[in-house]
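[1] here is my input; please provide its structure:
(3 chains)
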Amino acid sequence: MARHARKTRTDWVLFVVLLVGTFATCGPFAWMLATSIKPGNEVFVFPPTLLTGQPQLNNFMRIFDTIPFGRSLVNSLIVCLSITLAQLVVCSMAAYAFACLTFRGREALFLVYLAALMVPSQVTLIPNFILVRNLGWIDTYQGMILPFAFSSFGTFLLRQYFMTIPRELLEAARLDGCKHWRIYLWIVLPLSRPALGALAIFAFVSQWNNFLWPLIVTTRPEMQTVTVALSTLQGQYNTDWPLLMTGSVLAVAPVLIVFILGNRAFIAGLTGGGFGGR
Amino acid sequence: MAAGSKLWKRDTQAAWLFLLPSLVLFTMFIAIPVIAAFMISFTEWDLFNPMKFVGFGNYTELFNDDIFKKVMGNTAYFVLASVPLQMAFGLAIALVLNRNIKGQTFFRIAYFLPVVTSTVAAALVWSWLFNSNFGIINALLLSFGVTDPPKWLGSTKWAMPAVIVVSVWQNVGYAMVLFLAGLQNIRTDIYDAAALDSARGWKRLWFITLPMLSPTTFFVLIISIIGSFQVFELVFIMTKAGPANATNTLVYYIYQNGFQFYQMGYASAAAMVLFAIVLVATLIQYRMQDRWVHYG
Amino acid sequence: MSIIKLENARKSYGELEVLHGANLSVDDGEFCVFVGPSGCGKSTLLRMIAGLEEISDGNISIDGSVVNDVDPAERGVAMVFQSYALYPHMSVEQNMGFGLRMTGVPKPDIVRRVHEAAEILQIEELLARRPAQLSGGQRQRVAIGRAIVRNPKVFLFDEPLSNLDAELRVQMRVEIAKLHERLGNTMIYVTHDQTEAMTLADKIVVMRAGRIEQVGRPIDLYSDPNNIFVAGFLGSPKMNMLSAQLVRRNGTLQAELAGDISMPLPEISEFSGNDQQITIGIRPEHMERQEGNATTMELPVDVVEELGGTRYVYARGPSGEQVIVEQRGQRDPETKTVTARFLTDDIRVFDADGNRLR
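    Okay, the predicted model is just below:
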């Protein structure tokens, strides 16, 4: 009884500590939001006001007038959705070959794909830039999409999941008259929804936040993605904090919504697929 | 396997068809570029004039380059400070959350939010928080009686710690989630056995949990090191490598040389240094993983 | 007429040969059971017939044509898997109709055939459910139903009952026998359980270590095994095996056991001289003959297993080997010995390599 009481007390103390920690992790988001609804001059008051007396959405209008921020949001959406879709198709096809088919060189090729996980994207940055430039793909969607349409991580994640599908199911499908593309479409993909979901969320979020590549392959403001537009905004209005925070809110909100809705799948994907339902 | 038979050939053909899209993309955007980067690192090239082969010239230049030495020093400082911090916080939070505390899901999401936040946006917000004239951090410091708060991003001494704080803030959630997964993989009967051996509380943590967690810890360590070596956006947005190169790090230096100074060869040589570091870290990880399988 | 014919069928993985040339023919309408311990190659052989494993050498013919390179779906076979392999994301009806759908059968025909099969198996009320909502026995029926719907020339069963509990296993065994009666199709059935083999088969194929040991009717294999392995594998409890020396004395063939016990043996045509090391086998149910001119042995008892109707008395043979005596009738619990009484014709003789001496 005494030990039980002590355990509850410790839990309460820890709960409070965690709450304080939450303040540290989420505080910046609150401050971002608070600043975005302040009038332009109020930020130069010291000490700062926590909540403005005159909340306003003026900054959210202003940002679409000063730079093509709306267009950037659309660009990001187009690029991220395309990459996500492409990765789902390309990686799941490769994963099917690795997990469900036998062919000479399978292990070797898989190791080569895996080895690509060790290559930091900055290593291939310069040759890829040169390639995309020579193809005339600067300031194009394909220039932003295609270099990320394949992912070693995604292939690995899906292959691991496909391996857990019982062989007998695939064999039953073969006896039922399925050729491989049908087994892939009718059996393997429908059974892998959790893994595909995890990869989709992961790909979408990481591409939404991608910065360096869209930075170097875009020159025209109309082709910039959100992250690049934010940095442009910073370059032009580096003391207009309400405007910058407004941009940040708009850049962060879609991903946070996707994450909060799908956090389970996302974390499962990140930790290498400890999918639920065990 | 009967290599000659028709059924087998059909499987092989199907396999290559399924692999075709990934092979094309992999070759085009990963395999060839890696080789190309390696080759470019032996040249001098500004994209406009013809490429010139210089052998190991770029590498000897790198190792005599004072800025590069400073860059490597900064990167090491960044890695050595941010990795232990994010791991320690991540582990502590994971241990607490693993007690099935009230609001576990809420806390997990709250601590993970920074991970999924665009680093560019995060860097902007923190620039604002660290703003030396109107930022809230200095306002708080002043109200706590610090009379001369640091100039943060404007100071050669405090700019790097500020960047490190943001990096830790952003990555704690990731470490936490990995540790939490590791903790949940420890079988509960081991805790039951430990309870019979009267190992409780701190003793249990020290003698049971932490040793059982060591494979995860090592994995998190390597992942964090690899990630930290690639820090770029924080520097780009918060300090532009300044003041006086005080926050210039390896990837920023690659970017600077490649896309501001158009020294493709030199930038590629620096990229190869990054590649080597990541490669070594990954190989160590693979080696150690084998040694630790018995923890299951 | 034979519907399936294996000619020197081999299977190897690289250097490792797991099936060393199987020859077999299965007649149309026959219920054929492959039986043997795990790893004997029985499942591999079945999967080769299905087309799920490739044949490394030799030929497999189905209905008169060689199918070595024919796609599994085009061989006219249907398979019931050990794990049932029902598609978890489809309803029972979709599961059963999937094969027809893939081969382009019109929808009304699919519905009709699925419902016919469901009626045979009495699972009509389950058609809308998902596999996860079914019990083990129900899944088993759906898996069989899926095979029936395709109206195959040959049904293949890969240890279909091994995931069921004991009671259900017996029940399904009877149902499969009835189904064979009703449909009359050829069925090939793989199991490691000799009871299933004995009760279901028209023809048993006993396998060991990649080889077919013996093929024949259950009762023939039981009473006239070719070797010590087949003798020991079929029958429960196992046949008692006693080591002995073969001698011809006064014109009659005799076995000499340890402790100066000797007994007459049935006549053997291939007698090759005295003092040959042999094993003699006698089934437990033949150890207590009341009639005729029986050989008797007084054996010390270790354990008695009382089963109600019968009882198994575990005793020690002359050289310490275990001997089981199946008893009916009364037994005095105080007695520490049992008297084995068996006829000369009950004895099977095997040479030192385990081959039957006839």
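
[2] how about low-confidence regions in the stretch 101-250 of chain B?
    By pLDDT under 70, the stretch 101-250 of chain B has no low-scoring segment.

[3] swap in 90 and give it another go.
    Under the criterion pLDDT under 90, the flagged ranges of the stretch 101-250 of chain B are B:101-109, B:116, B:131-151, B:153-156, B:177, B:180-220, B:222-223, B:226-227, B:240-244.

[4] so which residue of the stretch 251-358 of chain C comes closest to chain A?
    Taking CB to the nearest CB, chain A has its nearest neighbour within the stretch 251-358 of chain C at residue C:354, 35.2 Å off. The C-beta positions use only the backbone N, C-alpha and C, and glycine is treated the same way.

[5] and the gap between residue B:209 and chain A?
    16 Å (CB to the nearest CB, to the nearest Å).

[6] which outside residues touch stretch B:211-220?
    B:87, B:90-91, B:175, B:178-179, B:181-183, B:185-186, B:190, B:210, B:285, B:288-289, B:292, B:295 (CB atoms under 8 Å, 6 or more residues apart in numbering or on different chains).

[7] buried ones among those?
    B:87, B:90-91, B:175, B:178-179, B:181-183, B:186, B:285 (16 or more other CB atoms under 10 Å in any protein chain shown).

[8] which bits of the stretch 51-200 of chain C sit near chain A?
    C:51-52, C:71-73, C:77-79, C:81-83, C:85-89, C:98-99, C:102-103, C:146, C:150 (CB under 8 Å from any CB of the partner chain).

[9] can you select the buried ones among these for me in PyMOL?
    Provided next is the PyMOL selection string for whichever of these are buried by 16+ other CB under 10 Å:
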select buried, chain C and resi 51+52+72+73+77+78+79+81+82+83+85+86+87+89+98+99+102+146+150
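
[10] keep only those of the residues of the stretch 51-200 of chain C next to chain A that are in helices.
    C:98-99, C:102, C:146 (DSSP state H).

[11] how about JSON lines for the residues you listed, with pLDDT added?
    Listed next are those as JSON lines, based on pLDDT from 0 to 100:
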{"residue": "C:98", "pLDDT": "94"}
{"residue": "C:99", "pLDDT": "92"}
{"residue": "C:102", "pLDDT": "91"}
{"residue": "C:146", "pLDDT": "93"}
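
[12] report the two of the residues you listed separated the most.
    Greatest spacing in these, by CB to CB: C:102 and C:146 (12.1 Å).

[13] now do the shared contacts for the two.
    Contact criterion CB under 8 Å, 6+ apart; residues shared by residue C:102 and residue C:146: residue A:176.

[14] is the nearest residue to residue A:102 once chain neighbours are set aside in a helix, a strand, or coil?
    Of all residues not flanking residue A:102 in the chain, residue B:11 sits nearest, at 5.9 Å (CB to CB, 6 or more residues apart in numbering or on different chains). Under the three-state scheme (DSSP: H, G, I helix; E, B strand; the rest coil), residue B:11 adopts helix.

[15] pLDDT at residue B:11, what is it?
    pLDDT for residue B:11: 82.

[16] residues contacting it?
    Contacts of residue B:11 by CB under 8 Å, 6+ apart are A:101-103, A:180.

[17] next one: residue C:280
    For residue C:280, the contact set (CB under 8 Å, 6+ apart) comprises C:241-242, C:244, C:255, C:265, C:347-350.

[18] output the helix or strand containing it as CSV, nothing but the C-alphas.
    Assessed by DSSP states H and E, residue C:280 sits inside strand C:276-282. Coordinates of the C-alpha atoms in strand C:276-282 are reproduced here as CSV (Å, rounded to 0.1, in the frame of the first residue of the first chain):
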residue,chain,number,x,y,z
GLN,C,276,22.8,-63.3,-39.6
GLN,C,277,21.9,-60.3,-37.5
ILE,C,278,18.2,-59.6,-37.9
THR,C,279,15.4,-57.6,-36.3
ILE,C,280,12.0,-59.2,-35.8
GLY,C,281,8.9,-57.1,-35.6
ILE,C,282,5.6,-58.0,-34.0
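
[19] strand partners (parallel or antiparallel) of it?
    Paired with strand C:276-282 in the same sheet, following DSSP bridges, are strand C:240-249 (antiparallel), strand C:348-351 (antiparallel).

[20] by neighbours, which of the contacts of residue B:11 wins?
    Neighbour counts for these, by other CB atoms under 10 Å in any protein chain shown, peak at residue A:180, which reaches 22 neighbours.

[21] ok, it touching residue A:101?
    Yes. Contact between residue A:180 and residue A:101 holds when scored by CB atoms under 8 Å: they sit 7.0 Å apart.

[22] what residues are shared contacts of the two?
    B:11, B:14, B:18.

[23] what sits up against the helix or strand containing residue C:45?
    Assigned by DSSP H and E, residue C:45 belongs to helix C:42-50. The contact list for helix C:42-50, computed with CB under 8 Å, 6+ apart, reads A:171, A:175, C:4, C:6, C:9, C:11, C:18-19, C:22, C:34-36, C:53-55, C:60, C:62, C:72, C:75, C:77, C:79, C:154, C:156, C:158-159, C:188, C:190, C:192, C:205, C:207.

[24] and residue 233, how many neighbours?
    Looking at chain A here, since you left the chain open. 24.

[25] look at chain C instead
    Neighbour number of residue C:233 under other CB under 10 Å is 26.

[26] can you show me the strands along the stretch 251-358 of chain C?
    C:252-257, C:261-264, C:276-282, C:295-306, C:311-316, C:322-327, C:337-342, C:348-351, C:356-357 (DSSP state E, counting those that start in this stretch).

[27] one more: the stretch 51-200 of chain A?
    In the stretch 51-200 of chain A, no strands are found when defined by DSSP E, counting those that start in this stretch.

[28] what does it have sitting close to chain C?
    A:166, A:168-169, A:171-178, A:182, A:186-187, A:190-191.

[29] ok, of the residues you listed, which come out buried?
    A:168-169, A:171-178, A:186-187, A:191.

[30] tell me the one among those residues nearest to residue C:306.
    Taking these together and measuring to residue C:306 by CB to CB, the closest member is residue A:168, at 41.5 Å.

[31] for that closest one, which non-adjacent residue is closest in space?
    Closest to residue A:168 by CB to CB, 6+ apart is residue C:85, at 3.9 Å.

[32] wait, what's in contact with that neighbour?
    Applying CB under 8 Å, 6+ apart to residue C:85 gives the contacts A:166, A:168-169, A:171-172, C:143.
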